[in-house]
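Peer 1: mind folding the following:
(one chain, ligands or ions: 1)
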Amino acid sequence: MNKESVTIPKTHPRYISLLKREKIIDGFNAGIVATAGLIAHGRGETFDYLIGEKTQDFAIAAEKAAIASLKLASNPVISINGNVAALVPDEIIQLSKIVNAKLELNLFYRTDDRVKNINELFLKKGVTLLGIEPDAKIPGLDHKRALCSKEGIFSADVVLIPLEDGDRALALKNMNKKVIAIDLNPLSRTAQVSDITIVNELTRTVTELIEIAKNINDSENIIKSYNNKKTLSDSLKFIKERLEYLATS
Ligand code: PTJ
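Peer 2: Model (predicted):
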């Protein structure tokens with residue numbers, strides 16, 4: 001354990017962001033978050049600054065398309081990694097129930113210890129994750145990150161991948177799945193190859209997805225009119241215009 005003891009006062013102007021950082025550090029100390037998960041989180045914080053640490057319209061459009069796709073799917077699966085387990089374990093369970101999706105552990109940095117720790121975290125919440133004892137492989141990927149479950153990711157038609165690595169996102173696309181990414185970096189390979197890219201922070205996104213799922217109707221039309229190229233373009237334009245405004249005001 002290598003944890004500095006800090007209490008973040010609620011009055012701190014960046015309280016919410018610091019609380020998420022603490023959850024990631026706690027997750028790291030509990031053997032849930034990968035070392036690289038700390039770096040990934042920091043990169044996410046940077047991009048969150050660029051979009052104003054708020055959900056923007058381009059994210060709402062993608063979130064609606066994501067829920068419409070999950071609801072119409074025949075075998076939807078939500079992929080769980082260390083950062084998801086540390087930041088939104090309860091919310092992701094709630095979302096999976098509302099959209100009838102399976103939850104599958106799928107780690108980039110897969111170790112027996114991390115599998116055990118994340119499995120136990122969810123078991124304590126009454127949820128059995130798929131992918132603990134994998135029985136299939138995502139074709140075209142080397143090493144353990146290809147491991148998956150036949151009844152889950154392997155046979156899924158729609159997969160929600162929060163904070164994914166670009167290679168695996170592409171490998172899932174090559175299996176003809178509809179891929180929904182949550183990624184604050186609109187330039188990442190994951191963001192670029194996915195069918196629906198939610199350029200938004202994970203915690204905000206999952207909370208919003210739950211609310212959208214409760215109220216959505218007209219899923220077919222939402223999907224028909226959704227354009228991911230536009231979402232990515234709108235997110236980059238938003239960042240450009242925001243920086244121009246901040247630089248000149
Ligand atoms: O738990 P594991 O072993 O499966 O590993 C998980 C990580 C995230 C370490 C692994 O998938 C990885 O290395 O991912 P990358 O390639 O670092 O990509 C993570 C992406 O998520 C980056 O584009 C970040 O900007 C973005 N990101 C980080 N934190 C958040 C985020 N996006 C949304 N919300 C966040 N909180």
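Peer 1: for the helix or strand harbouring residue 22, which positions count as buried?
Peer 2: In this assignment (DSSP states H and E), residue 22 forms part of helix 15-29. Using 16 or more other C-beta atoms under 10 Å as the test for burial, helix 15-29 gives 17, 20, 21, 23, 24, 25, 27, 28. For every residue, glycine as well, the C-beta is placed using N, CA and C.
Peer 1: and for the residue of the chain at minimum distance from the ligand, the neighbour number?
Peer 2: Closest approach between the chain and the ligand, counting by C-beta to the nearest ligand atom: residue 44, at 2.4 Å. For residue 44, the neighbour count with other C-beta atoms under 10 Å is 20.
Peer 1: the helix or strand residue 245 falls within close to the ligand?
Peer 2: Assessed by DSSP H and E, residue 245 sits inside helix 228-248. No: using C-beta under 6 Å from any ligand atom, helix 228-248 stays clear of the ligand, coming no nearer than 12.3 Å.
Peer 1: follow-up on the earlier one: how close does the residue nearest to the residue of the chain closest to the ligand when sequence neighbours are not counted sit to residue 48?
Peer 2: In space, and not counting its chain neighbours, residue 44 is closest to residue 184: 4.7 Å by C-beta to C-beta, 6 or more residues apart in numbering. Note on residue 184: its distance to residue 48, by C-beta to C-beta, to the nearest Å, is 6 Å.
Peer 1: picking that back up, residue 157: which of the buried residues of helix 15-29 is nearest?
Peer 2: Closest approach between the buried residues of helix 15-29 and residue 157, by C-beta to C-beta: residue 27, at 30.2 Å.
Peer 1: quick one, grab the pLDDT at the closest one.
Peer 2: Per-residue pLDDT puts residue 27 at 98.
Peer 1: that one reaches residue 85, doesn't it?
Peer 2: Yes: here residue 27 reaches residue 85: they are 6.7 Å apart, a contact under C-beta atoms under 8 Å.
Peer 1: and the helix holding residue 22, how far from the chain's centre?
Peer 2: Relative to the chain's own centre, helix 15-29 is displaced by 16 Å; criterion: C-alpha atoms, centre = their mean, to the nearest Å.
Peer 1: and stretch 70-78, what's buried?
Peer 2: Here stretch 70-78 shows 70, 71, 72, 73, 75, 76, 77, 78 as buried, counting by 16+ other C-beta under 10 Å.
Peer 1: now the two most distant members of those residues.
Peer 2: It's 72 and 78 that sit farthest apart of those, by C-beta to C-beta, at 15.4 Å.
Peer 1: identify the residue nearest the geometric centre of this structure.
Peer 2: residue 162 (1.6 Å; C-alpha atoms, centre = their mean).
Peer 1: could you pull up the residues touching that residue?
Peer 2: 78, 79, 81, 83, 84, 181, 182, 183, 202, 205, 206 (C-beta atoms under 8 Å, 6 or more residues apart in numbering).
Peer 1: near the ligand, from these?
Peer 2: Answer for those near the ligand (C-beta under 6 Å from any ligand atom): 81, 83, 182, 183, 202.
Peer 1: from those, pick the one nearest residue 170.
Peer 2: residue 183 (13.5 Å).
Peer 1: helices or strands up against the helix holding residue 245?
Peer 2: Packed against helix 228-248, as judged by 3 or more C-beta pairs under 8 Å, 6 or more residues apart in numbering; DSSP states H and E, are the following elements: helix 35-50, helix 57-72, strand 196-198.
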